[in-house]
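Engineer: build me a structure from this.
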Amino acid sequence: MTGLRRSLMFSFLDRYGVYALGLVGTVIAARLLTPADFGVFAVGASIVMLIDVLRDFGAGTYLVQVQHPHRDVVRAAYTVSLLISLVCAGLLVGAAGPVARFYREPGLESVLLVLAVALLSNPLSTVATSMLRRDMAFDVLAAISIAGAAMQLVVLSSLAWLGHGYMAMAWGALANGLTRAVAVNIARPIPWAFVPSFAGWRAVVVFGGWSTATAIVNVIYDALPQLLIGRILGAAPVGLFGRAQMVCQLPDKLVVSAVHPVVLPAMAEYARNGGSLKSAFLLGIRHMTAVQWPALLCLALLADPIVRLLLGPQWGAVPNLVRIMALGMLWLFPAFLTYPTLVTLGRIRDTLIQSLITIPPSLLIILLASFHGIEAVAATIWVTAPLQVLVALAFIRRHLPIALGEIVEAVRPGALIALCTAAGPALVIVLSNLRLDISTPAFVVAVFLAGCGWILGLQVSGHPLLAEILGLRRRFLRWA
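Structural biologist: Have a look, this model is predicted:
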């Protein structure tokens, strides 16, 4: 358990450091670039997402969970990743011109060409990164991620200040990928892994085929809304929607994204040692709702000052989108556990089947909503999120004996904690004559009250997360 806590600590440091640097970059870029610049890059990045999901072909995940990663397996994983990356980069280069003409944005071609080069840096880091994850060396991974994000911030800020517009974001992404590829191979040198080999390729391809098919379906779902908005409503609404998503993903970036890299290696090791996946799953959603739900409620209440602080006053249309989306995201509390739980159970195929059940109707709903404006697109999460979560839970409950009552009992403390946390910001809004765009001093008071309410909620509900926090406090005081 101590090793798991250490891994989580460094994973949080990784995500917090990377996100803090990214947030600084966003704050700087929002003041140097226009919504149209963000829109052009968002469309390009969405297209790359559709192609990039093929690039690793599940090779990295396979190396993390495979029982014995001997040399043939590692070399086969690298070879598969390299070949797929070369194909993906070639496709992206060939599609750059036609895509730019389709969206009537000439600058898209340059963005896509730079991002195609960034794709080629990925297979160079796949093997070393996977082995570090398997070894639970998240301290090393944290240092590498922060170094890459720092390089991206420097390149992005410098080029944006020099007036390079959306290309500043593209060159920043390339700088990040190259930095990470060099650093991870210095930290975990495996020179023999770069010898191409097809011995043992079949197991990699079978696992990667199911994993990649699932990832493709989900990436299409993540990317298509911005592509639809860009085509139907224009580049500026894409920028607004993308910034709203960025703000709504703050809780995920600060919590879920830090936990996610640790979950699969930890669950795989836990299962190999005979642990109960049912208990681990229920404990995971119990902890997640205690953090995610309070954050999303406060985000909905304080959207105006948060957007004003992060993006500046010119993004006035974003707070309402944030409110709509944040409340709908309350449904997504078990999402971070679905994939690692099914993979650990040996049900990689179920991840694809559940996606094929939920994603097509969700995309249809988003397509229909896009003709009614950007707020209608944001509101679709109120329908799509419950659908996806209910189907995911149904698949998990086919293999784990989890009753619905046990899930309700696991999330009940989180609901109480969320209400306690939101009470302070709600009081500040009431005292501000029910104005959601409260002043900066009032925002500071609201955040302080939210923190106090969160601690109170942990105490009232008797949540085990409070004991973890107190334990961290004691260890810090001993260290100090």
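Engineer: C-alpha from now on. contacts and neighbour counts both.
Structural biologist: Will do.
Engineer: quick one, phi psi at Ile366?
Structural biologist: When read as degrees, to the nearest 10, the backbone of Ile366 gives phi -70, psi -40.
Engineer: give the contact list for it.
Structural biologist: Pro225, Val377, Thr380 (CA atoms under 8 Å, 6 or more residues apart in numbering).
Engineer: next step: those residues restricted to helices.
Structural biologist: Filtering these for membership in helices, criterion DSSP state H, returns Pro225, Val377.
Engineer: any of the contacts of Ile366 buried? List them.
Structural biologist: If you count burial by 16 or more other CA atoms under 10 Å, the buried members of these come out as Pro225, Val377, Thr380.
Engineer: for the last one, which non-adjacent residue is closest in space?
Structural biologist: Read it as Thr380. Ile366 (6.2 Å; CA to CA, 6 or more residues apart in numbering).
Engineer: what about that neighbour, distance to Val318?
Structural biologist: As judged by CA to CA, to the nearest Å, Ile366 and Val318 stand 18 Å apart.
Engineer: with adjacent residues omitted, what lies nearest to Leu282?
Structural biologist: For Leu282, the nearest residue in space outside its immediate sequence neighbours is Ala410; the separation is 6.2 Å by CA to CA, 6+ apart.
Engineer: what is the neighbour count of the one you found?
Structural biologist: Counted by other CA atoms under 10 Å, the residues lying close to Ala410 total 21.
Engineer: next helix or strand past the host helix or strand of it?
Structural biologist: Here Ala410, judged by DSSP states H and E, is contained in helix 404-431. Secondary structure here is assigned by DSSP H and E; on that basis, the next helix or strand after helix 404-431 toward the C-terminus is helix 440-461.
Engineer: and that following helix, how far out from the chain's middle?
Structural biologist: Here the centre of helix 440-461 is set off from its chain's centre by 26 Å, with CA atoms, centre = their mean, to the nearest Å.
Engineer: contacts for that helix, please.
Structural biologist: By CA under 8 Å, 6+ apart, the surrounding residues in contact with helix 440-461 are 290, 294, 298, 302, 305, 413, 416-418, 420-425, 428, 465-466.
Engineer: buried ones in it, by neighbour count?
Structural biologist: Buried positions in helix 440-461, judged by neighbour count with 16+ other CA under 10 Å: 442-443, 446-447, 449-451, 453-458, 461.
Engineer: where does pLDDT dip in the stretch 251-400 of the chain?
Structural biologist: Across the stretch 251-400 of the chain, the ranges flagged by pLDDT under 70 are 253-275.
Engineer: let's go with 50 and repeat that
Structural biologist: Applying pLDDT under 50 to the stretch 251-400 of the chain flags no residue at all.
Engineer: all the helices of it, residue numbers only.
Structural biologist: For the stretch 251-400 of the chain, the helices identified by DSSP state H, counting those that start in this stretch occupy 257-272, 277-301, 303-311, 318-328, 335-344, 348-370, 374-379, 381-397, in order along the chain.
Engineer: out of those helices, which gets nearest to Ala170?
Structural biologist: Using CA to CA as the measure, helix 303-311 is the one of these that comes nearest Ala170, at 19.6 Å.
Engineer: out of the helices of the stretch 251-400 of the chain, deepest packed?
Structural biologist: Using mean count of other CA atoms under 10 Å, the stretch among those with the largest mean neighbour count is helix 318-328, at a mean of 23.
Engineer: extract the C-alpha trace of it and format it as CSV.
Structural biologist: In CSV, the C-alpha atoms belonging to helix 318-328 read as follows (Å, rounded to 0.1, in the frame of the first residue of the first chain):
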residue,chain,number,x,y,z
VAL,A,318,-17.9,30.5,-22.0
PRO,A,319,-19.2,30.5,-18.4
ASN,A,320,-22.8,29.5,-19.4
LEU,A,321,-21.4,26.6,-21.4
VAL,A,322,-19.3,25.6,-18.4
ARG,A,323,-22.3,25.6,-16.1
ILE,A,324,-24.3,23.3,-18.5
MET,A,325,-21.5,20.9,-19.0
ALA,A,326,-20.2,20.7,-15.4
LEU,A,327,-23.5,19.6,-14.0
GLY,A,328,-23.9,17.0,-16.7
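Engineer: how far is that helix from where the chain is centred?
Structural biologist: In this view, helix 318-328 has its centroid 18 Å away from the chain centroid, taken as CA atoms, centre = their mean.
Engineer: the residue nearest to Leu282 contacts Ile285, correct?
Structural biologist: Yes. Using CA atoms under 8 Å, Ala410 and Ile285 qualify as a contacting pair, with a distance of 6.8 Å.
Engineer: relative to the whole chain's centre, how far out is stretch 130-140?
Structural biologist: Relative to the mean C-alpha coordinate of its chain, stretch 130-140 is positioned 19 Å out (CA atoms, centre = their mean).
Engineer: and the gap between His287 and Pro334?
Structural biologist: Distance, His287 to Pro334, by CA to CA: 10 Å.
Engineer: what's the answer for Val73, then?
Structural biologist: Counting by CA to CA, the gap between Val73 and Pro334 amounts to 32 Å.
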